[in-house]
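Student: Sequence first, predicted coordinates after that:
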Amino acid sequence: MFDATTAALPAPYHAVGAACGPMRVPVLPRLALLIFSLVSTAGCTMADSSLSKEQFARQVDALLGDRDAVEVPASALTAFPWQRLCFERDDALLLKFTVDGHERVLALPYEEFFVDEGHVKDSLEDACLGPGDRILVKKKYPGYAGPVEFQKSGQGG
């Protein structure tokens, strides 16, 4: 038994009997895979609302330019529309965006981004902003590339 199918297989393998036919996957594993893919993407919109730490860092760098601090509308932090942004201090700085009723969380390392503890003046810990609210984005150490801090704007929101 030698045909084009058998010849295409690598050396120690060869097709025998039913192996030459179409591969059948049992229904249960296919169903489990379908359910897993639906559950893992539930609440995720696949449009522009994805955001990685790298994309966010580039956006913040662009906002700062060569300045040590800049005050901008909170919507300037992203390239996608959102309705609410909440800041939470945890093992990482969590930015929780509400996009079309769904929460999208971006975890940022404290070595690169932070908000002060809640008792500090102008802290954004446990605060939520709308896209039009103003936010102060500033380097912790002026003149250096170090971590970037987010604070409430002096103008209010």
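Tutor: Okay, I see it.
Student: Helix, strand, or coil at residue 94?
Tutor: Recorded secondary structure, residue 94: strand (DSSP: H, G, I helix; E, B strand; the rest coil).
Student: how near is the closest residue to it other than its chain neighbours to residue 153?
Tutor: Among residues not flanking residue 94 along the chain, residue 88 sits closest, at 4.2 Å (CB to CB, 6 or more residues apart in numbering). C-beta here means a position set from N, CA and C on the backbone, and glycine is covered the same way. From residue 88 across to residue 153, the span is 19 Å (CB to CB, to the nearest Å).
Student: Which residues does the helix or strand harbouring the residue nearest to residue 94 contact?
Tutor: Using DSSP states H and E, residue 88 maps to strand 84-89. By CB atoms under 8 Å, 6 or more residues apart in numbering, the surrounding residues in contact with strand 84-89 are 74, 77, 93-98, 115, 117, 124-131, 150.
Student: got a list of what residue 95 touches?
Tutor: By CB under 8 Å, 6+ apart, the neighbours of residue 95 are 56, 85-87, 105-106, 108.
Student: ok, 7 Å please
Tutor: Residues near residue 95 by CB atoms under 7 Å, 6 or more residues apart in numbering: 85, 87, 106, 108.
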